[in-house]
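In: please work out how this folds:
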Amino acid sequence: MIYIENSSQNPAFNLALEEYLVTTQGRFAHEDIALLWKNQPTVVVGRNQNAHREINRTYLDEHNIRVVRRLSGGGAVYHDQGNINFTVIKRNAHALKNNFSFFTEPLVNTLAEFGVQAEFSGRNDVLVKGAKFSGNAQYSYQDTLLHHGTILFDSDLSVLGKVLTPKPRVEDYTTRGIMSHRSRVANLSQFLMMDLPEFHSAFAQNLMESNGGADDYFVLDEEEAVAVSKLCDSKYATTEWTWGKSPEYDFINQARFDAGNVTVCGSFVGGFIERLDFYGDFFEVGPIEQYSHLFEGKSMNLLKSIIDANDVGNFIHGFSNEELLTLLTEQLNSLL
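Out: Alright, predicted model coming up:
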């Protein structure tokens with residue numbers, strides 16, 4: 001495994017760097033890679049979230065907080081100078097997809113060395129004394145897996161509740177009861193007698209050692225930095241990628257499942273499905289857009305038969321056709 005030094009705090013550049021390292025056939029194409037990095041104050045939304053519904057845009061504009069969209073699924077998170085982000089990129093790692101505990105083990109072990117007991121919990125969180133300090137997500141490309149996570153060390157927690165739009169109460173179909181709701185959060189500085197640079201160094205060492213040690217350390221050369229900047233400007237810094245489209249829908253329903261929050265939005269014209277879109281903090285197995293396309297232009301009378309013939313679990317990790325039907329019951333009843 002190699003370690004790449006990245007001093008950028010531009011969130012769009014940093015996300016572009018991740019995609020470049022995952023997909024580009026450059027000098028790092030066959031290397032397992034680790035990075036630790038920070039962002040200026042930013043809200044990072046998950047790939048499948050509707051940013052217009054998730055973010056308190058007025059507050060962000062008033063406080064000069066940026067918004068970017070990442071490649072991976074999961075929920076929106078807030079980054080500032082008290083937050084560390086870590087990225088691990090592994091080749092030939094299909095067997096590790098959705099194995100979040102494997103990638104968070106170095107973090108848990110680092111804290112254990114300093115007498116702090118942390119545990120992996122739920123879908124993608126790491127907790128200390130029941131409080132969340134790390135959320136994690138993944139993105140896969142061919143046989144390469146990108147895992148990244150946040151670490152709240154000394155973040156301004158008062159901002160967390162202000163940057164995201166309060167969620168309306170939704171039906172909860174999870175099996176974890178109260179633990180399925182958003183955990184309380186905490187900074188690691190509450191539990192550690194060290195500053196952020198000391199923790200950064202200790203965690204970086206543990207992260208590398210748990211993956212076979214560091215073969216070498218690199219920084220981007222000029223050509224690589226230019227390529228990442230171009231990807232940043234053409235994708236991650238654009239309004240189209242970050243905010244997407246916000247069409248009008250005839251039907252919107254949402255609920256929380258073990259797979260995460262799932263929102264289904266539909267438009268119908270003359271008895272036909274114009275579009276059926278899926279938003280949420282779920283994790284993808286396959287591109288959810290491909291599943292949505294199965295419904296476009298089809299008669300509303302075929303809605304259930306299309307669902308029965310195509311397993312939504314091939315697109316949303318841990319989600320079932322039966323659970324999807326609970327979201328569409330109102331629309332299905334209108335056909336009767």
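In: every contact and neighbour count from this point should use C-alpha atoms.
Out: Will do.
In: for Ala76, what are its contacts?
Out: Contact analysis of Ala76 by CA atoms under 8 Å, 6 or more residues apart in numbering lists 43-46, 49, 54, 164, 281.
In: and if we set it to 7 Å?
Out: Contact analysis of Ala76 by CA atoms under 7 Å, 6 or more residues apart in numbering lists 43-46.
In: now, those residues that are in strands?
Out: Within the contacts of Ala76, residues falling in strands by DSSP state E are 43-45.
In: as a markdown table, the residues you listed with distance to Gly26 would be great.
Out: Formatted as a markdown table, the ones in strands among the contacts of Ala76 follow (distance: CA to CA, whole Å):
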| residue | distance to Gly26 |
| --- | --- |
| Val43 | 30 |
| Val44 | 27 |
| Val45 | 28 |
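In: would you turn those into JSON lines with neighbour count?
Out: What follows is these, written out as JSON lines (neighbours: other CA atoms under 10 Å):
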{"residue": "Val43", "neighbour count": "24"}
{"residue": "Val44", "neighbour count": "22"}
{"residue": "Val45", "neighbour count": "26"}
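In: Cys232: which of these is nearest?
Out: Within those, distances to Cys232 taken as CA to CA reach their minimum at Val44, with 14.6 Å.
In: quick check: bridge partners of that closest one?
Out: Following DSSP bridges, Val44 is listed with bridge partners Val68, Val77.
In: now do the residue lying closest to Phe100 once chain neighbours are set aside against Asn64, distance only.
Out: Nearest residue to Phe100, sequence neighbours excluded (CA to CA, 6 or more residues apart in numbering): Asn124, at 6.1 Å. Using CA to CA, to the nearest Å, we find Asn124 at a distance of 29 Å from Asn64.
In: swap in Phe103?
Out: From Phe103 across to Asn64, the span is 33 Å (CA to CA).
In: those two: who's more crowded?
Out: Per other CA atoms under 10 Å, whichever of Phe103 and Asn64 has more neighbours is Phe103, with 20 against 11.
In: check the secondary structure at the more buried one for me.
Out: Secondary structure, DSSP: H, G, I helix; E, B strand; the rest coil: Phe103 is helix.
In: and the nearest residue to Tyr291 once chain neighbours are set aside, its phi and psi?
Out: Of all residues not flanking Tyr291 in the chain, Phe315 sits nearest, at 7.0 Å (CA to CA, 6+ apart). For Phe315, the backbone dihedrals (degrees, to the nearest 10) come out as phi -120, psi -40.
In: re earlier: dump the contacts of Ala76 to JSON lines, plus distance to Asp154 and pLDDT.
Out: Output for the contacts of Ala76, formatted as JSON lines (distance: CA to CA, whole Å; pLDDT from 0 to 100):
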{"residue": "Val43", "distance to Asp154": "16", "pLDDT": "97"}
{"residue": "Val44", "distance to Asp154": "18", "pLDDT": "97"}
{"residue": "Val45", "distance to Asp154": "21", "pLDDT": "96"}
{"residue": "Gly46", "distance to Asp154": "23", "pLDDT": "96"}
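In: show me the two of these that sit farthest apart.
Out: Using CA to CA, the two most remote members of these are Val43 and Gly46, lying 9.9 Å apart.
In: now do the contacts for Leu60.
Out: Contacts here follow CA under 7 Å, 6+ apart; on that basis Leu60 touches 66, 163.
In: what's the answer for Phe133, then?
Out: 126-127, 151-152, 185-188 are the contacts of Phe133 under CA under 7 Å, 6+ apart.
In: likewise Gly270?
Out: Contacts for Gly270 (CA under 7 Å, 6+ apart) come out as none.
In: that one and Asn301: what is the separation?
Out: Using CA to CA, Gly270 is found at 12 Å from Asn301.
In: now the helix or strand hosting Tyr3: average pLDDT?
Out: If you go by DSSP states H and E, Tyr3 is part of strand 2-4. Computed over strand 2-4, the mean pLDDT rounds to 94.
In: quick check: what element follows that strand along the chain?
Out: helix 11-23.
In: from the middle of its chain, how far away would that following helix be?
Out: Here helix 11-23 is found 14 Å from its chain centre; the criterion is CA atoms, centre = their mean, to the nearest Å.
In: and stretch 45-55, by the same measure?
Out: Put simply, stretch 45-55 sits 10 Å off its chain's centre (CA atoms, centre = their mean).
In: how about stretch 305-322?
Out: Centroid separation for stretch 305-322 versus its chain: 21 Å, with CA atoms, centre = their mean.
In: for that stretch, measure first residue to last.
Out: Stretch 305-322 end-to-end distance (CA to CA) = 12 Å.
In: tell me which residues in that stretch are buried?
Out: Neighbour counts over stretch 305-322 (16 or more other CA atoms under 10 Å) mark 307, 312-320 as buried.
In: and if you look at stretch 216-235?
Out: Result for stretch 216-235 [16+ other CA under 10 Å]: buried residues 224, 228-229, 231-232, 235.
In: go on, stretch 33-52?
Out: Neighbour count says stretch 33-52 has 33-51 buried, by 16+ other CA under 10 Å.
In: ok, and what's touching that stretch?
Out: Contacts of stretch 33-52 (CA under 7 Å, 6+ apart): 1-7, 9-11, 65-81, 83-90, 243, 279-281.
In: who's in contact with the nearest residue to Asp250 once chain neighbours are set aside?
Out: Computed as CA to CA, 6+ apart, the closest residue to Asp250 that is not its neighbour in sequence is Ser267, at 5.0 Å. By CA under 7 Å, 6+ apart, the contact set of Ser267 is 249-251, 273-276.
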